[in-house]
Every structure is written in structure tokens, then in C-alpha cells.
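Chemist: All I have is the shape, not the residue letters:
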Ligand SMILES: Nc1nc2c(c(=O)[nH]1)N(C=O)[C@@H](CNc1ccc(C(=O)N[C@@H](CCC(=O)O)C(=O)O)cc1)CN2
Ligand SMILES: Nc1ncnc2c1ncn2[C@@H]1O[C@H](COP(=O)(O)OP(=O)(O)OP(=O)(O)O)[C@@H](O)[C@H]1O
């Protein structure tokens with residue numbers, strides 16, 4: 001698949017995601033929250049701030065009292081760092097307009113420090129291949145997993161609407177496979 005095809009596919013899937021009604025999005029978020037229950041454990045758990053029709057995380061299982069909930073922050077080298085965040089704490093928009101915690105760099109966690117990461121998807125296949133936002137942020141940040149046998153910490157859990165499933169998606173050499181995909185309908189254990 002050429003870069004152009006990937007771009008066109010991404011644009012089409014983004015458009016379809018935006019076309020969902022608010023009620024459909026909220027229902028999907030509620031269902032995904034329930035399905036995540038058995039997997040939402042560990043000391044450091046990362047979600048995302050849903051934008052642009054992404055599957056909302058309003059119904060996540062409660063974060064255990066001793067655990068930290070984190071949100072992704074963009075670093076200048078196009079990697080992600082993760083900021084512990086609680087409702088009410090300050091946020092500022094990043095270059096894409098997505099809210100990020102407003103924390104000094106030394107308070108950010110490295111991807112290696114996380115136990116579970118919810119990865120927002122634009123498209124996916126059942127074997128755990130992912131089409132993301134196109135910036136390569138998650139791939140760059142979790143590239144270390146490609147040198148390790150799976151299962152490995154952190155566990156990468158892709159979050160998507162079931163309509164985002166594709167019959168095939170050629171893996172790019174830099175793609176980092178997902179361990180699990182959760183949609184409003186099911187939990188998919190990937191081949192990886
Ligand atoms: N909620 C959320 N937070 C996230 C991500 C995400 O996908 N969702 N990211 C996941 O990496 C990182 C931000 N990366 C992003 C990369 C590109 C665009 C984006 O909107 N790009 C183009 C459209 C590109 C296209 O359609 O081909 C734009 O600016 O309009 C947004 C976020 C970190 N935080
Ligand atoms: N590990 C890496 N090292 C260097 N560049 C990378 C790496 N991973 C991805 N990239 C670059 O990032 C660009 C975008 O990659 P891709 O189209 O796979 O994004 P994506 O996986 O959809 O996005 P995201 O990871 O942000 O969700 C590619 O052109 C690629 O060159």
C-alpha cells in the first residue's frame with residue numbers, strides 16, 4: 001500500500017468516525033469501558049483525551065487508588081511522554097488542539113514506565129496491525145517493544161469502533177503491534 005493509499009484511507013475513516021452521532025459515540029464508550037475492566041490494572045495506566053470523533057473514555061473502570069492515570073504529551077522529537085493527570089488538573093492544547101497536562105518535563109513518565117496503554121486507532125486488523133493518526137508518535141515511542149518477546153510491559157490496547165476494522169493493512173517496518181483491541185462489540189486477542 002502506498003503512502004497515498006494510507007492517507008486516503010485515514011481521511012475516509014476519520015470522516016466516518018466524525019459522522020457517528022453523539023449517542024453512538026457515548027454508547028460505544030460505555031461498552032468499551034465495561035470490556036476493559038479485566039485489563040485495567042497496574043501502577044501506571046495511560047489513556048487519551050478523545051477528540052475528532054475518537055472513541056470516548058468517559059466510562060473507564062476506576063483507576064485503583066495507588067495507580068496513576070496518564071495522558072500523552074508530545075515531545076519535540078515526535079515521541080510521546082506520559083503525564084499523570086487527575087480530573088481538575090490543568091490542561092493546555094497541543095499543536096493539534098488536543099488537551100495535554102501542563103506539567104514540567106521532569107514530571108513526565110517515559111513510555112517504558114507504563115503498565116497499560118490505551119492507543120487510539122483510526123484503523124486496525126485482527127492481527128494487531130494499526131493505522132494511527134499519521135504522526136508516527138506511538139510507533140516511535142513504543143519501538144523498544146519490537147526488540148522484545150511478547151507479552152511485554154506495557155500492554156498496548158488499541159481502542160476503536162468496530163467499523164474501523166479492515167480486512168488487511170500492510171504492516172510498515174516501524175509498526176508496533178497491539179496486544180489487544182477493544183471495540184464496542186468485543187475484545188480481540190491479536191496474533192502478536
Ligand atoms: N486523542 C489523541 N491524543 C493523541 C493522539 C491521538 O491520535 N489521539 N496521538 C496519536 O499519535 C498523538 C498526537 N498525534 C496526532 C497526529 C496527527 C493528528 C492530526 O490531526 N493530523 C492531521 C490530519 C492528518 C491526516 O488526516 O492525514 C491534522 O493536523 O489535521 C492529530 C494527533 C498524541 N495524542
Ligand atoms: N520508530 C520510528 N522511527 C522513526 N520514524 C518513525 C518510526 N515510526 C514511525 N516513523 C515515521 O512516522 C511516520 C508516520 O508513521 P505512520 O503512518 O505509521 O503513523 P501512525 O502509526 O499512523 O501514527 P501514530 O503512531 O501517531 O498513531 C512515518 O513516515 C515514519 O517514517
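Modeler: Cool, the structure landed. Quantities reported herein were computed from a predicted structural model and do not represent experimental measurements. Ligands and ions are numbered 1, 2, ... in the order given.

Chemist: Where does pLDDT dip in this structure?
Modeler: 1-4, 192 (pLDDT under 70).

Chemist: How about stretch 49-62 and ligand 1, any contact?
Modeler: Yes: interface with ligand 1: stretch 49-62 contributes 49-51, 54 (Cβ under 6 Å from any ligand atom). Quick note: C-beta positions are derived from backbone N, CA and C, even for glycine.

Chemist: For that stretch, what is the distance to the chain centroid?
Modeler: Counting by Cα atoms, centre = their mean, to the nearest Å, stretch 49-62 is centred 10 Å from the centre of its parent chain.

Chemist: what sits up against it?
Modeler: 14, 17-20, 25-26, 28-30, 32-34, 36-37, 40, 47-48, 71, 91, 96-100, 118, 120, 159-161, 184 (Cβ atoms under 8 Å, 6 or more residues apart in numbering).

Chemist: just the buried members of those residues?
Modeler: 14, 17, 20, 25, 28-29, 32-33, 36, 40, 47-48, 71, 98, 100, 118, 120, 159-161, 184 (16 or more other Cβ atoms under 10 Å).

Chemist: Check which element follows whatever helix or strand residue 36 lives in along the chain.
Modeler: Taking DSSP states H and E as the criterion, residue 36 maps to helix 22-36. Tracing the chain past helix 22-36, the next element assigned as helix or strand by DSSP H and E is strand 44-46.

Chemist: one step back: wait, which of the residues of stretch 49-62 next to ligand 1 is closest to ligand 2?
Modeler: residue 54 (11.4 Å; Cβ to the nearest ligand atom).

Chemist: Enumerate the residues of the chain near ligand 2.
Modeler: So far as Cβ under 6 Å from any ligand atom goes, the chain lies against ligand 2 at 6, 131-140, 143, 172, 174.

Chemist: Put the buried members of those residues into a PyMOL selection.
Modeler: Those of those that count as buried under 16+ other Cβ under 10 Å are selected in PyMOL with:
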select buried, resi 6+131+132+133+137+138+139+140
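
Chemist: ok, so of the residues of the chain next to ligand 2, who is nearest residue 152?
Modeler: residue 143 (12.5 Å; Cβ to Cβ).

Chemist: ok, that closest one touching residue 173?
Modeler: No: contact criterion Cβ atoms under 8 Å: residue 143 and residue 173 do not qualify, at 10.6 Å.
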